[in-house]
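**Student:** sequence and predicted model, in that order:
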Amino acid sequence: MDDLEKAILIIFDESGTVTSVLKSQAVAFCQQIKDSPSICSICIERLCFSKLVQVQFWCLQCLHEVLRSRYSGMSTEEKNFVRKSVFSMACYETLDNTNSVKVLDGPPYVRNKLAQILVTLIYFEYPSIWSSVFLDFIPNLSKGGVVIDMFCRVLNALDDELISQDYPRTTEEGAIAGKIKDAMRQQCVGQIVHAWYEIVSLYKNSDSELCAFVLDTMRRYISWIEIGLIANNTFLPLLFELMLIEGLPDQLRCAASGCVLAVVSKRMDPQAKLTLLQNLQMSRVFGLVAGDGDSEFVSGLVSLLTGYASELLDCSKNLNSGDLKRASVDLLNEVLPSVFYKMKNCEIDTTFSTVQFLSGYVATMKTPSPLSENQLFHVGQILEVIRMQIRYDPVYRDNLDVLDKVGKEEEDRMVDHRKDLLVLLRNVGRVAPDVTQIFIRNSLSSAVGSSLDINVEEVEAALSLFYAYGESLSEEAMKTGSGILRELVPMLLSTKFPCHSNRLVALVYLDTITRYMKFVLENNQYIPLVLAAFLDDRGIHHSKVKVSRRASYLFMRVVKLLKSKLVPFIETILQSLHDTVSQFTSMDYASKELSGSEDGSHIFEAIGLLIGMEDVPLEKQSEYLASLLTPLCQQVEILIASSRVQNSEDSQSKVANIQQIIMAINALSKGFSERLVTASRPAIGLMFKQTLDVLLQILVIFPKVETLRSKVTAFIHRMVETLGSSVFPYLPKALEQLLAESEPKELLGLLVLLNQLICKFSTSVQGILENVYPVIAGRIFSILPRDTIPSGPGSNTEEIRELQELQRTFYTFLHVMATHDLSSVFRSPKSQVYLDPMMQLLLFTSCNYKDLVVRKACVQIFVRLIKDWCTRPEKVPGFQTFVIEAFATNCCLYSVLDKSFEFRDANTVALFAEIVLAQKVMYEKIGNDFLINFVSKGFLAAHCPQDLAEQYCQKLQGNDMKSLKSFYQSLIENLRRQQNGSLVFR
């Protein structure tokens, strides 16, 4: 063993005993050899003598790389030497008489690499240089299986590397592939097909694996060779013989069916295709579908029959002759029973064309004429296929019920598997609604009657069918209960399945009821059944938390829909939910894992919607609300009192418990309107005020617990909407506590709350803002950078994202203040110190900010401030000068002259409109002071011609804003063309 072989063994070593340093040295040494001018000779010599497969593979890989990268620079002698040597290896020959090493005796990956080298030579040399490569190979096939195997590997590699349309190709590769196929068709395809036939005939009983390999290779080529070479009285009988003999291995039978499928799928004229399909006499294999559904052959046979049926369907659509159409439909009707049988009894690979075929078949039924008896039968079969295919495997029943890792994976897989099948169901429901409804009714009846051990999957599938079918119904059909819906919905509502404790069954049952609630809305007699389904152990009182919480959410949706129709049932509902309400705010419940938005609080929202209606008498309403709020507030007060004695572990559970209570109260309040609690029933409003007073104490006791701050802030938001202006007395205390923290996230939440207050109450909150704005401004200007927040690589951190969000929200806050007549807050005595940093920030943003929507908002703020402050006498000394000298020239001129200001962008156009408006407002409020400075300094610096400047003045002084905007855009575009770098904008 020489140094090269040792180095190669070190490179491929996976024992873990070789150090990384030694491996790096080995790689460097081999690279040095690879760069040698005589590398081809070195590799071929090693291939003649070395029995080490690592060395063989390295040498072949090296030859492959050299040919791909250096072929054009190789001498004719070297190319001839490589070609002769490689072909000899592929034909199981030795290069001289002194050695016995043959590459074809190596493992499959070595032979595949040799095949890749031959394909690379074919790429460069066939047919112009090495025109006889395929014809030279064929005589060597008589040497037996080892050369036949190699020949197939070469043809497969040729398909993978060049011919197959399954991979993206360059234009050059496409042209070379076309040239190779044309030459092969003309020269050798007939001889290759004959060789395939002879090999399969000879080896079918002695080496089925080799025959299957040959047929798999042939399948790849059928799509582009002359179809008559295969679809004839010689080859087709052989293929059908291989499929029909039951004693043959599955692999061989499956390979034969793959070749017939390739024949069936061959692209051709519809009439010629129909003739081909008729000549196949496919009916002789229909009986084979009754075989083992898990076998490789039966799976291949399903693909063949589905492909055959798809082609017949295409023929029936594309043929014009009535007789030919009927002939294709007759053949289709013959094959469909076999297709349906296997679809119902083995798993469909939905990535294949099975569901697409069924969808295409259903699409042919969308005609004004009624469905034929045959079509109605087939619709029933398709529905049965769907039902069987969407059923879960009972093997996963326990995993799905507890939803462990295996169950979650299976549920995700089934969700994906069902997508196309349920689309198909909806299409069937549209063309044959009566048949679909009867099928669903029968499925439900069958599922209800089946024994407990098998009915989980049956029931779940039947309910899923009914749920999915609802998507195909119009709102009118849903309300009126078209067809047998009038029978199905009550049947569903009154059913208690033996397997209702199963998570999947319970969830789909509740979802299905909710989907058909519009029927109940029109048929109130079924309301008691709906309530029973949601309130008993099928819904909110289900033993599984995930089902119970989902039921709470869906019940809230039901209450929203039925509303006043539920007033007579309120007492019953509240009594039924008493234990659920108590559990929600218990320590044990709070510690359970929350599931996204379905956290269980929706039950309080449902109760709020019920008792918050004006249809409920005031006394009852007060009684109901007090029975809920009083114990919840008492719990908070007890927890707050006990939290003064700190215990970290105990404190965490208390925080979780308080969080649950706030969520419950917040959800409860959503059912009460502002008009009810402030105008018609102020006693109700008083209860919420008292509750707010209690919850605000949480901010004092837990000032740094972010989850509680956010929950209390959310409740304040809710109370602003519910209590209206009567919330004012509580705001100073709330804002004081919220201002206690100055982290970006906390400030962000506070700004959002203030924006809500301003938008709702406008100038009524001026006094509050005069107190809080200086504190907020001071903190924000100390947090935000003077210019831009870092962006680009390395800046996508949580801290940077929080700063960006805070900055955007602050701009919104300033905009809301300015546009709600609150600009006087900015110039109040406490706030004056922040005027300059605010103006500099707004100026920089209006000129430079990447988000054009934010830039537009900043320009709008300036417009509003100019309207408010540019008066006689000046309200803000120096502001008018700042507007004229800084804002006007930098934002209204220089920023739009920048090439990045793209007029074809919609957001840019909107920003430009605001900039033009700003100029108009400046002229109206400031007059010639603005105009003279803008023209004499700004336009002069931008080299604006005198005539254009005069036209601008005329347009600005006129009343046509549209004309001014159009002119100013053309002026900017003119100035851009004229300026030659003498002015650096921004």
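**Tutor:** Yep, it's here.
**Student:** number of nearby residues for Asn205?
**Tutor:** Asn205 has 12 neighbours, counted by other C-beta atoms under 10 Å. C-beta: built from backbone N, CA, C; applies to glycine.
**Student:** what of the one 10 residues further on?
**Tutor:** Residues near Leu215, counting by other C-beta under 10 Å, number 27.
**Student:** nearest residue to it other than its sequence neighbours?
**Tutor:** The spatial neighbour of Leu215 that comes closest, neighbours along the chain excluded (C-beta to C-beta, 6 or more residues apart in numbering), is Ala255 at 3.8 Å.
**Student:** output the contacting helices and strands for the helix or strand where the one you found lies.
**Tutor:** Using DSSP states H and E, Ala255 sits in helix 250-264. Helices and strands touching helix 250-264, by 3 or more C-beta pairs under 8 Å, 6 or more residues apart in numbering; DSSP states H and E, are helix 208-222, helix 235-244, helix 270-280, helix 296-318.
**Student:** can I get those helices in a markdown table with distance to Ala913 and mean pLDDT?
**Tutor:** As requested, the helices and strands packed on helix 250-264 are arranged in a markdown table below (distance: least, C-beta to C-beta, whole Å; pLDDT from 0 to 100):
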| stretch | distance to Ala913 | mean pLDDT |
| --- | --- | --- |
| helix 208-222 | 61 | 96 |
| helix 235-244 | 72 | 95 |
| helix 270-280 | 58 | 94 |
| helix 296-318 | 53 | 90 |
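**Student:** among those, which comes closest to Ser936?
**Tutor:** The closest of the helices and strands packed on helix 250-264 to Ser936 is helix 296-318. By C-beta to C-beta, the value is 75.7 Å.
**Student:** buried ones in the helix or strand that comes right after that closest one?
**Tutor:** Using DSSP H and E, the helix or strand that follows helix 296-318 in sequence is helix 322-345. Under the neighbour-count criterion of 16 or more other C-beta atoms under 10 Å, helix 322-345 has 324-325, 327-329, 331-332, 335-336, 338-344 buried.
**Student:** contact partners for Pro873?
**Tutor:** Applying C-beta atoms under 8 Å, 6 or more residues apart in numbering to Pro873 gives no contacts.
**Student:** how far does stretch 435-442 sit from the chain's center?
**Tutor:** 33 Å (C-alpha atoms, centre = their mean, to the nearest Å).
**Student:** show residues contacting it.
**Tutor:** Contacts for stretch 435-442 (C-beta under 8 Å, 6+ apart): 376, 379-380, 383-384, 387, 425, 428-429, 462, 465-466, 469, 483-485, 487-488, 491.
**Student:** repeat the analysis, applying 6 Å as the threshold.
**Tutor:** For stretch 435-442, the surrounding residues in contact (C-beta atoms under 6 Å, 6 or more residues apart in numbering) are 379, 383, 428-429, 465-466, 483-484, 488.
**Student:** name only those of the residues you listed that count as buried.
**Tutor:** 379, 383, 428-429, 465-466, 483, 488.
**Student:** helices - which of those land there?
**Tutor:** Among those, DSSP state H puts 379, 383, 428-429, 465-466, 488 in helices.
**Student:** now the residues you listed as CSV including distance to Leu4 and pLDDT?
**Tutor:** Output for those, formatted as CSV (distance: C-beta to C-beta, whole Å; pLDDT from 0 to 100):
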residue, distance to Leu4, pLDDT
Val379, 70, 94
Leu383, 68, 94
Val428, 67, 92
Gly429, 70, 89
Leu465, 67, 93
Phe466, 71, 92
Leu488, 78, 89
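**Student:** and of the residues you listed, the nearest to Asp960?
**Tutor:** Nearest member of those to Asp960, counting by C-beta to C-beta, is Gly429, at 58.4 Å.
**Student:** show the contacting residues for that closest one.
**Tutor:** Listed by C-beta under 6 Å, 6+ apart, the contact partners of Gly429 are 436, 469, 472.
**Student:** what's the nearest residue to it if we skip its chain neighbours?
**Tutor:** Using C-beta to C-beta, 6+ apart, the nearest residue to Gly429 is Ser472, at 3.9 Å.
**Student:** residue contacts, the one you found?
**Tutor:** 426, 429-430.
**Student:** now Leu695
**Tutor:** Leu695 touches 712, 715, counting by C-beta under 6 Å, 6+ apart.
**Student:** and the gap between it and Arg387?
**Tutor:** In this view, Leu695 and Arg387 are 52 Å apart by C-beta to C-beta, to the nearest Å.
**Student:** repeat that for Leu238.
**Tutor:** 39 Å.
**Student:** off-centre distance for stretch 813-827?
**Tutor:** 41 Å.
**Student:** so for that stretch, mean pLDDT?
**Tutor:** Averaged across stretch 813-827, pLDDT comes to 95.
**Student:** show me what counts as buried in it.
**Tutor:** 813-820, 822-827.
**Student:** go on, stretch 824-840?
**Tutor:** For stretch 824-840, by 16+ other C-beta under 10 Å, it's 824-827, 831, 834-835, 837-839.
**Student:** just curious, which of those residues is nearest to Cys633?
**Tutor:** Val825 (34.9 Å).
**Student:** what is the least confident helix or strand in the chain?
**Tutor:** The weakest-scoring helix or strand in the chain, judged by mean pLDDT, DSSP states H and E, is helix 587-590 (a mean of 52).
**Student:** show the subsequent helix or strand relative to the helix or strand Glu172 falls within.
**Tutor:** Secondary-structure assignment from DSSP H and E places Glu172 in helix 171-187. Helices and strands here follow DSSP H and E; after helix 171-187, the next one along the chain is helix 189-203.
**Student:** tell me what angle that following helix forms with helix 250-264.
**Tutor:** 150 degrees (axes from the mean of the first three to the mean of the last three C-alpha atoms, to 10 degrees).
**Student:** got the confidence number for Asn333?
**Tutor:** At Asn333, pLDDT is 92.
**Student:** quick one: the nearest residue to it once chain neighbours are set aside from Glu334, how far?
**Tutor:** Nearest in space to Asn333, with sequence neighbours left out and distances taken as C-beta to C-beta, 6+ apart, is Asn374 at 6.0 Å. Separation of Asn374 from Glu334 (C-beta to C-beta) stands at 11 Å.
**Student:** one step back: include distance to Cys759 when you put the helices and strands packed on helix 250-264 into a markdown table, please.
**Tutor:** Converted to a markdown table, the helices and strands packed on helix 250-264 look like this (distance: least, C-beta to C-beta, whole Å):
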| stretch | distance to Cys759 |
| --- | --- |
| helix 208-222 | 67 |
| helix 235-244 | 74 |
| helix 270-280 | 65 |
| helix 296-318 | 58 |
